[in-house]
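Engineer: Build me a model from this:
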Amino acid sequence: MKDIPLSEITLRKYEKPAGLEKRELVKKICLSLGLLQLGDSRDVIVDILMVLIDANKEKKKLNSDEIKIKAEESRKKYSLETRGLAESNIRRQLKRLRDNMLIEKSENKYYLAEHASLKEIFENSIERFVIPQTIERIKEYLGELDGGD
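Structural biologist: Numbering: from 1, shown residues only. Here you go, the predicted structure:
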């Protein structure tokens, strides 16, 4: 038996979203879904997700170069450092978003899963699929600990 998880999810609850600007709202979403850790100075994933959210309005698919350029523009708009925008880091963050079932890749282009809203993606993939299976597996471990009950 390996100690490598089959899947992993982190969920955090924050105050109600009121009066947050778009980037701050997307950052809270990333924090809430465990894509970003508290105090992370490297928050390029926020800009990448924002770029994909904006592209989703027109059902556009973007390659990693387009995402990098738009993420850099976003960071400059908010007067943030542009470090963390190396191609390797962009690809790593895109993989994290794919692993969390938020985005899909087709023909080397990325887009929000099924061109749905993030809320729909969360409800259909994470809430209905990942969380119940994870809870069920935890219950199996707990039952095994209790003697197979």
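Engineer: got the contact list for Ile45?
Structural biologist: With contacts defined as C-beta atoms under 8 Å, 6 or more residues apart in numbering, Ile45 is in contact with 30, 35-36, 93, 96-97. For every residue, glycine as well, the C-beta is placed using N, CA and C.
Engineer: Could you tell me which residues within the strand or helix carrying it count as buried?
Structural biologist: Element membership of Ile45 [criterion: DSSP states H and E] is helix 44-56. Of the residues in helix 44-56, those buried under the neighbour-count criterion (16 or more other C-beta atoms under 10 Å) are 44-53, 55-56.
Engineer: Where does the residue lying closest to Ser7 once chain neighbours are set aside sit: helix, strand or coil?
Structural biologist: Across the structure, with C-beta to C-beta, 6 or more residues apart in numbering as the measure, the residue nearest Ser7 apart from its sequence neighbours is Val130 (6.0 Å). Reduced to three states with DSSP: H, G, I helix; E, B strand; the rest coil, the structure at Val130 is helix.
Engineer: how many other residues sit next to Val130?
Structural biologist: Val130: 16 surrounding residues under other C-beta atoms under 10 Å.
Engineer: Do you have the strands of this protein handy? List them.
Structural biologist: Remark: strands of the chain, listed N- to C-terminal, are 103-106, 109-112; assignment by DSSP state E.
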